[in-house]
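Colleague: Got a sequence here, can you build the structure:
(chains A and B)
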2 protein chains.
Amino acid sequence: MVAFIAVDWGTTNRRAFLIKDGRVVATERDDRGAATVPAGAYEAEVAGIRARLGDVPVLLAGMVGSNIGWRSVPYVAAPAGLADVAAALERIDDRTAIVPGLSYRDGLHADVMRGEEVQLLGAVAADLVPPDALLCQPGTHCKWATVEGGRITKFTTAMTGELFALLRAHGVLSRQLGHPVEPGSAFLDGVAEGAKRDLAASLFAIRARGVLGLADDRHAASFASGLLIGADTAARIGHGATVHILADAALGALYASAIDALSGTAHHIDSQVAFVAGITRIQDLAA
Amino acid sequence: MVAFIAVDWGTTNRRAFLIKDGRVVATERDDRGAATVPAGAYEAEVAGIRARLGDVPVLLAGMVGSNIGWRSVPYVAAPAGLADVAAALERIDDRTAIVPGLSYRDGLHADVMRGEEVQLLGAVAADLVPPDALLCQPGTHCKWATVEGGRITKFTTAMTGELFALLRAHGVLSRQLGHPVEPGSAFLDGVAEGAKRDLAASLFAIRARGVLGLADDRHAASFASGLLIGADTAARIGHGATVHILADAALGALYASAIDALSGTAHHIDSQVAFVAGITRIQDLAA
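Modeller: Model prediction:
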């Protein structure tokens, strides 16, 4: 197997891996995400990555394939597995390609992802999760994917992290939400309230409890986070569900805590191992 | 009956009425809401109102009684009627008083209102709604009040309007939500989606439908409004419910449309008539 470079190129960050025989031998991470790289600068950016990591084939995933990236690559419609993704690579030249994202439709509901599909399908490819599973990748836009027979058959994005950020930065609750989010009783109270799935009212109650002196504002951010994550999780899982989480430790622990409180079981999956497994499989399939 | 001046003094606006024998004989409206009047300036502001409308007793309601107003007046706990409100007036001097707001608690849920109680209870006092009814006052913070035997027994505030404003001004959907909100099929599609009560996911789908070219962004604001109002309404009413709406015509029509779509019946109540009836009854009870 020849070496190649995989780039997980998001909106705000980018991470590049030099991979040989399925193992990472060098890596770099910076903040040159798609939002900061002008459309005409990608060729030079990729040349720079090759100069630093090695003059080998490059496979790019994430927002680099969107309308704010190098080239807008059509989505592959779910159900889709790694073979479908590999078959739809966008070739820039014979040594450089972009991984397409996935789309999903179900009546009025529609959804898209770009980049997450590599981790999610890679987790299955690496046998980190079974071929039939529910996966969750929390974040600004939290992805929940149902995998059946190793393919993503449906998925839902919830803008849970974005709503929290908006409420913390603007509006009537912003004064109360400045403290750090911590797991614990305030977070779990929020999860229980969130399970009612009545966000607009439960959010206002944060203000009311503060005004009435019923709750200490030091815990308001933890409660609000529990509320949003609880509403998200309650909409996605039934009693006894098993969820495989791909996230950093802190956010992963919060989702695991909410899943546990809602009578589910959470397993943590190493996101980087999943990404490397997924992108290596795509590279092999496309070779 | 002597004349008096009633002031509906909100955060951003204020409206004053000279009332004689229960009828409005003069009125003024300006943008000198509580957010713009310094704490020490209220006495002069009220003197100004008296100079313009008449040298008579003054009854103030709304955010003027909050910690951003003249004086922070303790809330009256629901269940409460106009007699409870009148009994708890905050006297500034023998001709000037502030109407207290209401608070409500039910386990973890807590709620507050300031000013809306005059309209809501006034609607009952004026026989505009029956003594047992569900009332809705849409807005930035939409109030839903259950009235039993003419008293507010419980109420819920949903920050439906604020969420819409936050999403329109900031974040990933802001580019799509600039168009005016209109009643019609996009709004009703939003109501149907909102009834699923899965806001964070339904909101992201607005972006996904835009990206995939499945929906015209000209209708995105109407859909988003329907989504938020639909989720709010679905959490509040069951099949066959009757809701009495106190709102301006445009916003009232949107809520009525959502209530109708969710198998309820909406009646429109004149907010000003309700306010004048409520504040006049409080003045009579306190005399």
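Colleague: From now on I want contacts and neighbour counts done on CA atoms only, so please keep to that.
Modeller: Noted.
Colleague: Skip ahead from the lowest-mean-pLDDT helix or strand in chain A and say which helix or strand is next.
Modeller: Every helix and strand in chain A was compared by mean pLDDT, DSSP states H and E; the lowest is strand A:109-113, with a mean of 94. The helix or strand immediately downstream of strand A:109-113 is helix A:116-125, counting by DSSP states H and E.
Colleague: any idea of the angle the next helix or strand after that next one forms with helix A:116-125?
Modeller: Per DSSP H and E, the first helix or strand lying C-terminal to helix A:116-125 is strand A:133-137. Relative orientation of strand A:133-137 and helix A:116-125, computed by axes from the mean of the first three to the mean of the last three CA atoms, to 10 degrees: 140 degrees.
Colleague: by contact count, what packs against strand A:133-137?
Modeller: strand A:142-148, strand A:242-246 (3 or more CA pairs under 8 Å, 6 or more residues apart in numbering or on different chains; DSSP states H and E).
Colleague: Go again with 10 Å.
Modeller: Under the contact criterion of 3 or more CA pairs under 10 Å, 6 or more residues apart in numbering or on different chains; DSSP states H and E, strand A:133-137 touches helix A:116-125, strand A:142-148, strand A:151-158, helix A:220-236, strand A:242-246, helix A:249-261, strand A:265-269.
Colleague: Quick one: closest of these to B:Ala51.
Modeller: When the helices and strands packed on strand A:133-137 are compared by CA to CA, helix A:220-236 sits nearest B:Ala51, at 44.6 Å.
Colleague: For the closest residue to A:Lys196 other than its chain neighbours, give me its contacts.
Modeller: Distance criterion CA to CA, 6 or more residues apart in numbering or on different chains; nearest residue to A:Lys196, sequence neighbours excluded, is A:Ala231 at 7.1 Å. Contact partners of A:Ala231, counting by CA atoms under 10 Å, 6 or more residues apart in numbering or on different chains, are A:158, A:160, A:190-199, A:225, A:258, B:197-200.
Colleague: Please tell me the pLDDT value assigned to A:Ala231.
Modeller: In this prediction, A:Ala231 carries a pLDDT score of 98.
Colleague: so where's chain A shaky on pLDDT?
Modeller: A:1 (pLDDT under 70).
Colleague: domain ranges for it?
Modeller: Domain assignment for chain A, taken from automatic domain parsing, gives A:4-129+A:272-286, A:159-269.
Colleague: Report the buried residues of stretch A:77-94.
Modeller: A:77-82, A:84-86, A:88-90 (16 or more other CA atoms under 10 Å in any protein chain shown).
Colleague: can you check stretch A:165-176 too?
Modeller: Neighbour counts over stretch A:165-176 (16+ other CA under 10 Å) mark A:166-169, A:172-174, A:176 as buried.
Colleague: mind checking the end-to-end distance for it?
Modeller: Stretch A:165-176 stretches 13 Å from its first residue to its last (CA to CA, to the nearest Å).
Colleague: Can it be said to contact chain B?
Modeller: Yes: using CA under 10 Å from any CA of the partner chain, stretch A:165-176 reaches chain B at A:165-167, A:169-172.
Colleague: what about that stretch, distance to the chain center?
Modeller: The chain centre lies 23 Å from the centre of stretch A:165-176; the measure is CA atoms, centre = their mean, to the nearest Å.
Colleague: got the contact list for that stretch?
Modeller: Applying CA under 10 Å, 6+ apart, the external contacts of stretch A:165-176 come out as A:140, A:162-164, A:177-179, A:203-204, A:206-207, A:210, A:216-221, A:224-225, B:159, B:162-163, B:165-167, B:169-171.
Colleague: quick one: the nearest residue to A:Glu116 once chain neighbours are set aside and A:Glu45, what's the gap?
Modeller: Nearest non-adjacent residue to A:Glu116, counting by CA to CA, 6+ apart: A:Gly62, 7.3 Å away. Plainly put, A:Gly62 is 15 Å away from A:Glu45 if you go by CA to CA.
Colleague: Who has more neighbours out of the two?
Modeller: A:Gly62 (25 against 13; other CA atoms under 10 Å in any protein chain shown).
Colleague: wouldn't the more buried one be in contact with A:Val112 here?
Modeller: No: between A:Gly62 and A:Val112 there is no contact under CA atoms under 10 Å: 11.5 Å.
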